[in-house]
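Novice: The sequence and its predicted three-dimensional model are supplied below.
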Amino acid sequence: MRLKDKVAIVTGAASGIGRATALTFAREGARVVVADLNEDGASATAATIGDAAFALRLDVADEAGWAEATRRTADRFGRLDILANVAGIGFPGTILDLTMDQWNRMIAVNLTGVMLGCQAAIRTIAATGGSGAIVNVSSLAGLIGISDVAGYCGSKGGVTTLSKSVALYCAEQGLPIRCVSVHPTYVDSEMLDPVADAVGGRQAMLEAMARLVPIGRIATPQDIANAILFAASDEAAMMSGHALVIDGAQLAGPSSAHTKG
Ligand SMILES: NC(=O)c1ccc[n+]([C@@H]2O[C@H](COP(=O)([O-])OP(=O)(O)OC[C@H]3O[C@@H](n4cnc5c(N)ncnc54)[C@H](O)[C@@H]3O)[C@@H](O)[C@H]2O)c1
């Protein structure tokens with residue numbers, strides 16, 4: 001019961017990492033607001049949890065939506081302690097492939113959505129006497145450049161330093177709120193369905209991606225949910241402003257190829 005008595009909002013909780021995070025938080029004793037643009041999917045996640053959760057339709061890029069979400073959270077559960085900003089979208093393409101529509105949508109959801117969530121959560125946690133953390137899901141693409149996902153890199157890189165700024169602000173204000181960004185490698189979630197279709201099936205995609213990860217497999221949504229759980233829990237009380245990399249050693253450095261003849 002690592003989140004006993006905590007109240008959390010999880011965005012993107014209809015699918016993939018967000019759903020795994022909501023279920024993990026609930027298993028660890030939290031009451032959970034299951035937020036997503038996909039209302040049916042959010043309702044299914046909340047129904048799996050039961051009375052300790054409710055579903056909410058939220059477009060993270062909509063400022064008024066955040067005001068409503070945090071008001072309903074405080075009305076129902078009396079407080080807020082944790083926000084996991086997991087919702088995200090991605091369009092492939094190099095810098096010259098990128099359309100304005102794709103760029104604007106990725107910035108709106110991946111970066112503006114996280115910013116609005118941080119604002120709403122800080123205000124609500126402070127107003128309701130909560131204490132805990134904001135955990136923002138970025139990506140390896142928020143730490144390094146990848147040539148064929150240029151817009152996604154731009155949006156996720158913003159999350160990395162925004163999270164550090166939020167961490168410093170909360171610390172300077174004496175607020176009991178930490179902020180951590182999480183940077184997964186490839187995760188076998190619904191987000192990769194179009195990639196699987198493009199490369200001739202899921203197994204072919206998983207094998208190709210696994211070759212890029214030194215430990216030999218890509219992440220599961222549960223791998224990332226476990227990291228988010230730790231960052232959100234009081235066990236991570238001294239961790240704020242940190243970029244938590246969950247990548248099976250992908251960014252650790254070059255392989256030992258130069259010693260293999
Ligand atoms: N899957 C990966 O390989 C991978 C790797 C690194 C980082 N990430 C990041 O992890 C996060 C979760 O991704 P996932 O793999 O679980 O993807 P997913 O597609 O399975 O889930 C994303 C969820 O976000 C929701 N969503 C999309 N736009 C929204 C909006 N405007 N408002 C509210 N909800 C919205 C979707 O409905 C969906 O339920 C994303 O931020 C993604 O960028 C994913």
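Specialist: Looks like it came in fine.
Novice: List the buried residues for the host helix or strand of A127?
Specialist: For A127, the host element (DSSP states H and E) is helix 113-128. Of the residues in helix 113-128, 113-118, 120-122, 124-126, 128 count as buried by neighbour count, 16 or more other Cβ atoms under 10 Å. For the C-beta atoms, the positions are set from N, CA and C on the backbone; glycine is no exception.
Novice: Save the residues you listed as CSV, and put in distance to A52 too.
Specialist: Formatted as CSV, the buried residues of helix 113-128 follow (distance: Cβ to Cβ, whole Å):
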residue, distance to A52
G113, 25
V114, 25
M115, 28
L116, 25
G117, 21
C118, 24
A120, 21
A121, 19
I122, 24
T124, 19
I125, 19
A126, 24
T128, 18
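Novice: before we move on, back to that, after the helix holding A127, next one along is what?
Specialist: Next along the chain from helix 113-128, counting by DSSP H and E, comes strand 132-137.
Novice: hmm, back to that, can you state the direction angle for the helix holding A127 and strand 132-137?
Specialist: 170 degrees (axes from the mean of the first three to the mean of the last three Cα atoms, to 10 degrees).
Novice: picking up where we left off before, show me which of the buried residues of helix 113-128 neighbour the ligand.
Specialist: G113 (Cβ under 6 Å from any ligand atom).
Novice: quick one: which of the buried residues of helix 113-128 is nearest N136?
Specialist: Set against N136, the nearest of the buried residues of helix 113-128 by Cβ to Cβ is V114 (5.1 Å).
Novice: what sits against the closest one?
Specialist: V60, N85, N136, V159, L162, S163 (Cβ atoms under 8 Å, 6 or more residues apart in numbering).
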